[in-house]
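1. Have a look; sequence and predicted model below, questions after that.
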Amino acid sequence: MLVLGFPVGPLQANCYVLARGEGEPCVVVDPGQDAVEPLRAQLREHRLTPAAVLLTHGHFDHVFCAGDVCAEHGVPAHVHPADRYMLTDPAAGLGPAGRELFGDGVVFPAPAEVREIADGEVLDLAGMRFEVTHTPGHTGGSVLFGVEAEEGGRLLLSGDTLFAGAIGRTDLPGGDHGRMLESLSTKVLPLDDDVVVLPGHGPTTTIGRERAGNPFLQGLPASDALS
């Protein structure tokens with residue numbers, strides 16, 4: 001499997017491209033602010049053709065260029081319905097600070113085709129199978145995308161639910177700290193230690209490394225329901 005990742009925009013959100021190999025169809029995950037040109041460069045270098053865009057959540061630093069990428073390649077974007085409203089309003093997920101940053105009435109073009117995804121759904125895209133796990137907390141529609149690597153092992157595109165040594169903030173509109181803890185306890189901690197985590201910001205990590213050293217996970221039970 002070919003996995004490419006590069007940070008984009010002022011907030012350095014990670015955009016990922018996954019394919020079975022060079023010259024194959026691919027999936028683009030979280031094409032955020034200023035992603036178009038570096039994405040084009042990666043697609044040219046590896047002779048890849050996008051088949052879909054996946055969005056881990058609706059914040060502008062992860063979806064800013066989704067409409068442009070989808071239009072350029074004629075592909076749909078996949079997002080949880082709880083975060084769909086943010087695709088055309090970059091300030092919606094940021095509260096008053098967002099209105100100051102973007103101004104009133106500022107919009108950007110949404111993908112022409114948006115497909116809503118649900119917890120437990122499996123997406124067959126570009127010869128790969130992506131399992132959707134709904135993890136509300138950072139936003140109401142945050143999701144994880146799990147995919148099996150052909151060489152063995154499992155990758156987890158965690159968005160802003162889980163970082164190396166940290167978790168996503170929960171103080172923005174749609175955020176909920178209690179739901180975040182529940183998501184971490186019931187959806188993240190039960191995963192195998194060797195699952196490789198590709199987060200929305202910062203370096204790659206593993207579930208085992210975060211279980212052992214992430215201070216936000218310490219003391220949380222790994223269970224089917226938060227007690």
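-> On my side now, so go ahead.

2. What sits closest to the most centrally placed residue in the chain if chain neighbours are left out?
-> Nearest to the geometric centre of the chain sits residue 56, at 2.7 Å (CA atoms, centre = their mean). Excluding its sequence neighbours, the residue lying closest to residue 56 (CB to CB, 6 or more residues apart in numbering) is residue 159, at 2.7 Å. Heads up, the C-betas are built off the backbone N, CA and C, glycines and all.

3. Let me know whether that neighbour touches residue 141 as I believe.
-> No: Residue 159 lies out of contact with residue 141 (CB atoms under 8 Å); the separation is 10.1 Å.

4. higher neighbour count, these two?
-> More crowded of residue 159 and residue 141, by other CB atoms under 10 Å: residue 159, with 29 against 24.

5. what residues are shared contacts of residue 159 and residue 141?
-> Common neighbours of residue 159 and residue 141 (criterion: CB atoms under 8 Å, 6 or more residues apart in numbering): residue 57.

6. the bottom helix or strand of the protein by mean pLDDT?
-> Counting by mean pLDDT, DSSP states H and E, the chain has its least confident helix or strand at helix 96-102, which shows a mean of 65.

7. sorry, back to before: I figured the residue nearest to the centre of the chain hits residue 162, correct?
-> No: contact criterion CB under 8 Å: residue 56 and residue 162 do not qualify, at 10.6 Å.

8. where exactly do the helices run in the chain?
-> 36-46, 60-63, 66-73, 96-102, 177-183, 207-213 (DSSP state H).

9. so which of the ones you listed comes closest to residue 137?
-> Nearest to residue 137, of all the helices of the chain, is helix 177-183, at 2.6 Å by CB to CB.

10. Count the residues that sit near residue 191.
-> Counted with other CB under 10 Å, residues neighbouring residue 191 total 21.

11. My guess is it contacts residue 208. True?
-> No: counting by CB under 8 Å, residue 191 does not reach residue 208; the two are 9.3 Å apart.

12. Poorly predicted segments of this protein, please.
-> The model of the chain has pLDDT under 70 over residues 97-107, 224-227.

13. those strands in it, which residues are they?
-> 2-8, 13-19, 25-29, 49-54, 77-79, 114-116, 122-125, 128-134, 143-148, 154-159, 162-163, 166-167, 196-199, 205-206 (DSSP state E).

14. who touches residue 177 in this structure?
-> Listed by CB under 8 Å, 6+ apart, the contact set of residue 177 reads 137, 170.
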